[in-house]
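Undergrad: When you get a sec, could you give me coordinates for this:
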Amino acid sequence: MSIHQYNGTTMPNYFSLILTSLRTQKGFTQIEMSKKLGLARQTYQDYESGKREPRYTTIIKCAHLLEVSPSLFFKTTPQDSINERLRHLSNEKLIQEVNRRLISVLPATN
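TA: You can find the predicted model right below:
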């Protein structure tokens with residue numbers, strides 16, 4: 001079950017909220033979406049209500065149909081962004097250090 005508790009309130013998951021919002025923005029009905037995705041109507045309704053979580057391939061199909069990036073369906077926090085930037089910076093520093101060491105051991109070519 002993909003229903004989550006937040007401050008004592010039952011809430012559908014993030015995916016279901018985004019899916020419902022994007023579908024209505026595009027003007028599709030649940031029946032149209034289920035047909036376009038090749039899903040049973042009830043299965044699609046369960047995704048929107050948060051009763052079921054889709055497979056990754058279904059998320060990709062939804063994103064394609066709704067003309068958005070699949071990453072839009074995955075909630076990220078500011079901390080996630082900070083962690084990603086720190087990983088990127090760490091990789092850059094590592095590459096710089098490796099380059100510095102390689103240059104120091106290579107014979108000078110003048």
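Undergrad: Pull the contacting residues for the residue nearest to Ala63 when sequence neighbours are not counted.
TA: Leaving aside its chain neighbours, Ala63 sits nearest to Pro70 (4.1 Å; criterion: Cβ to Cβ, 6 or more residues apart in numbering). (C-beta placed from N, C-alpha, C; glycine too.) Neighbouring residues of Pro70 by Cβ atoms under 8 Å, 6 or more residues apart in numbering: Ile59, Ile60, Ala63.
Undergrad: measure Leu22 to Ser49 for me?
TA: Between Leu22 and Ser49 the distance, using Cβ to Cβ, to the nearest Å, works out to 15 Å.
Undergrad: between the two, which one's more packed in?
TA: Leu22 (19 against 14; other Cβ atoms under 10 Å).
Undergrad: can you tell me the helix or strand for that one?
TA: helix 14-26 (DSSP states H and E).
Undergrad: which residues touch that helix?
TA: For helix 14-26, contacts defined as Cβ under 8 Å, 6+ apart pick out 2, 30, 33, 47-50, 53-54, 59, 62, 66-68, 72-75.
Undergrad: Out of the contacts of Pro70, which end up buried?
TA: Ile59, Ala63 (16 or more other Cβ atoms under 10 Å).
Undergrad: Reformat the contacts of Pro70 as CSV; add distance to Arg101, secondary structure and pLDDT.
TA: CSV is the format used below for those (distance: Cβ to Cβ, whole Å; DSSP: H, G, I helix; E, B strand; the rest coil; pLDDT from 0 to 100):
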residue, distance to Arg101, secondary structure, pLDDT
Ile59, 43, helix, 92
Ile60, 42, helix, 93
Ala63, 43, helix, 93
